[in-house]
Structures are given as structure tokens and as C-alpha cells.
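# Build the 3D model from these lines:
(one chain, ligands or ions: 2)
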Amino acid sequence: MNSYGVFLNLTGRRCLVVGGGPVAERKITGLLDCGADVTVVSPTVTDVIAAHAETGTLKWEARAYREGDATRSFLVIAATDSKELNRHVYEEAEASGRLCNVVNDQSIGNFTVPALVRRGRLQVAVSTGGAAPAVAKRIRRELEEHFGFEYAAFLDEMAEIRQLLLGTVRDERRRTKILQILAESELLTLLRDGRGEEARRLVEDCLGGHEI
Ligand SMILES: C[C@@]1(CC(=O)O)c2cc3[nH]c(cc4nc(cc5[nH]c(cc(n2)[C@H]1CCC(=O)O)[C@@](C)(CC(=O)O)[C@@H]5CCC(=O)O)C(CC(=O)O)=C4CCC(=O)O)c(CCC(=O)O)c3CC(=O)O
Ligand SMILES: NC(=O)C1=CN([C@@H]2O[C@H](COP(=O)(O)OP(=O)(O)OC[C@H]3O[C@@H](n4cnc5c(N)ncnc54)[C@H](O)[C@@H]3O)[C@@H](O)[C@H]2O)C=CC1
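Numbering: from 1, shown residues only. Ligands and ions are numbered 1, 2, ... in the order given. Model prediction:
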């Protein structure tokens, strides 16, 4: 069965990571990038996690997992090297209706973490359905070649134009048409090549009198 792909809003949400090795560190980096309120429960952690704890970016409880820990967070990542413990964490999380990722046992857990390309507001997520994470990583790298940083500026520009049109162009079909034309246009490459004046003219022509 396929997994259902979603993007979670984790801003300010309590997220628990059990374990503090390199795998936990990678998942934690992703959580912090999304503004999550991260607590790590683990007797030992990597230098990077310790540095985050030092600066207050996350909370580190330097101890072993305790009964009930997983029942109090929106999302839980079971990232220890013990399959038995991770299963226990998952069972407690599942019983209390939490989202739970298990890093070393594909037979359990209710979500997996994709490989991600990030370009400003653009995110491209890659899943292999757990078949081969190293292939997900390879595809992520290939996508990074194709989707350069120009996409960040392009999206910012398109978002601004879209907001303007939502407020000024009543006719939905017309609005959609303008946005489709701009999305498919040369605007992306003009912005990438620093041809700001031509980009501005292209947008103006497309908008036909709507100020931006
Ligand atoms: C199911 C899943 C659960 C989850 O963790 O969410 C899972 C599970 C496991 N991974 C294992 C191994 C590796 N994982 C990676 C890398 C990544 N793993 C990630 C996600 C996922 N890994 C989920 C499925 C994603 C999908 O659908 O493809 C990525 C995409 C996202 C992230 O972690 O941030 C990140 C790349 C990020 C990037 O670079 O973009 C590498 C490569 C490397 O490290 O270079 C290896 C070694 C090579 C190999 O084994 O393939 C093992 C065996 C451990 C062992 O041998 O004991 C298990 C356990 C099992 O399969 O049972
Ligand atoms: N899903 C993924 O992306 C990947 C998963 N893995 C698997 O993930 C697991 C973790 O990998 P690493 O981080 O490299 O392992 P690691 O051995 O470096 O780290 C394990 C961490 O768990 C902590 N821990 C142990 N007992 C604990 C307890 N009772 N309570 C709380 N924390 C406890 C340890 O203190 C340590 O910080 C391994 O089983 C590995 O095979 C490996 C590669 C990728």
C-alpha cells in the first residue's frame, strides 16, 4: 500500500526524539528547520545535539527512556539502536494516538521521513517507500542539480503576484490563466540570469495594468 504524502506544520509543536546518535541528529535537524519544540531523551548525544542543548535550541534530558515519555508529544521519533526499545516507544506512542517514526524497523511506525530538496519555499520530498533510502538520497541529489536556488526567488515573485491577483482579479478563470502563463514563462530564467528589467516587463505585460 502507498503512503499518504503530507507536509506537517510543526511550529511550536512538542516533538520527542528518543536516542541521540547520528541518525537522531539528522532527524532533529529537520525538525528544528521546521520550528518544532524538540526534546531529546538519550543518555548520550552527538556533539551537534549537545551544542543545540547548550544554546537552548532544544531540550536534552540525559537519561534512558521512561515509561510514558512517548505519550506527551505531537510527534515521536524512535531513533535508538535497539529494535526492542524502539518498538516499545512506538507502542506507547501509537496507543496514545501520536505520530511515530521508527528508524530501524520498517514493520512498525506510522510515518517515514523523506529525502528533501529545499529551495526557499519550495520543498521536493522523495520517498522510495522504504525500499532503498540510499536511492532516495541519490534522487534528492539529482533533483538538487535540476532545481537550483533560482526557484526560491521565482516562487517569492510568483507568491507576490498571486496575492495581488487574488485581491484584484475577480474572475477566477482569468486569474488562473495569468498564473499558468507566468509559471510556464521565461520569468524563472530571467530571474536566474539577473535580467531584472526584462523580468519586470514580462510580468507587467502579463498582468496588463495590475500594479505590483
Ligand atoms: C524507512 C525509513 C524510516 C525513516 O527513517 O524515516 C528509513 C529506514 C532505514 N534507513 C536505513 C539506512 C539508511 N538510511 C539512509 C538515509 C536516509 N534515510 C532516510 C529515510 C528512511 N530511512 C525512511 C525511508 C525513506 C524512503 O522511503 O526511502 C532519509 C531519506 C531521510 C532522513 O533520514 O532524513 C535519509 C537520506 C536523506 C538524504 O540524504 O537526503 C542511508 C544512506 C546514507 O546514510 O548515506 C542508509 C544506508 C543505506 C541503506 O541501507 O539504504 C536503514 C537500515 C539501517 C541498518 O542497516 O541497520 C533503515 C531501517 C530499515 O530499512 O529497516
Ligand atoms: N532511518 C535511517 O535513516 C537510518 C537508520 N539507521 C539505524 O538507526 C539506528 C540508530 O543509528 P545511530 O544513530 O547511528 O545509532 P547510535 O548507536 O550512534 O545511537 C543510538 C543512540 O540511542 C541512545 N540510546 C540507547 N539506549 C537508550 C535508551 N534506553 N533511551 C534513550 N536513548 C537510548 C544512545 O545513547 C545513542 O545516543 C541504528 O539501529 C541504525 O542501524 C541507520 C542509518 C540510517
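# Okay, buried residues for the helix-or-strand element of the chain with minimal mean pLDDT please.
Considering only helices and strands, the least confidently modelled element of the chain by mean pLDDT, DSSP states H and E is helix 196-207, at a mean of 93. Within helix 196-207, the residues that count as buried by 16 or more other CB atoms under 10 Å are 199, 202-203, 206-207. Quick note: C-beta positions are derived from backbone N, CA and C, even for glycine.
# same check, this time on stretch 7-17
Taking 16+ other CB under 10 Å as the neighbour-count basis, stretch 7-17 is seen to contain the buried residues 10, 13, 15-17.
# picking up where we left off before, any chance of TSV for the buried residues of helix 196-207, columns distance to Y90?
Putting the buried residues of helix 196-207 into TSV (distance: CB to CB, whole Å) gives the following:
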residue	distance to Y90
A199	50
L202	52
V203	50
C206	51
L207	52
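# With respect to ligand 1, which of those is nearest?
Sorting the buried residues of helix 196-207 by how near they are to ligand 1, with CB to the nearest ligand atom, puts A199 at the top with 31.5 Å.
# pretty sure N104 belongs to a strand, no?
No: N104 sits outside any strand when classified using DSSP: H, G, I helix; E, B strand; the rest coil, being coil.
# hang on, isn't it packed against K83?
Yes: with contact taken as CB atoms under 8 Å, N104 and K83 are classed as touching, separated by 5.9 Å.
# Tell me how many other residues crowd the nearest residue to S127 once chain neighbours are set aside.
On the basis of CB to CB, 6 or more residues apart in numbering, the spatially nearest residue to S127 that is not a chain neighbour turns out to be P114, at 4.7 Å. With neighbours defined by other CB atoms under 10 Å, the count for P114 comes to 19.
# 28 is where my numbering starts, stick with that
Right, with 28 as the first residue, what we last looked at is P141.
# ok, E199 - how many residues close by?
For E199, the count of nearby residues is 9 (other CB under 10 Å).
# Which residues are in contact with it?
For E199, the set of contacting residues under the criterion of CB atoms under 8 Å, 6 or more residues apart in numbering is empty.
# Show me this structure divided up by domain.
Taking automatic domain parsing as the domain assignment, the ranges for the chain are 41-140, 177-234.
# closest to L149 out of these?
With respect to L149, and counting by CB to CB, the nearest of the domains of the chain is domain 177-234 at 5.0 Å.
# Just the terminal-to-terminal distance for that closest one.
Across domain 177-234, the straight-line distance between its terminal residues is 22 Å, by CA to CA, to the nearest Å.
# What about whatever residue of the chain ends up closest to ligand 2, how many residues nearby?
As assessed by CB to the nearest ligand atom, ligand 2 sits closest to G48 within the chain, at 2.3 Å. For G48, the neighbour count with other CB under 10 Å is 16.
# roughly how far apart are it and S109?
The gap separating G48 from S109 is 11 Å, by CB to CB, to the nearest Å.
# Of the buried residues of stretch 34-44, which is the nearest to ligand 1?
V44 (11.8 Å).
# Walking through this protein, point out its helices one by one.
Listed in chain order, the helices found in the chain under DSSP state H are 49-60, 74-82, 110-122, 160-173, 177-195, 199-211, 214-219, 223-234.
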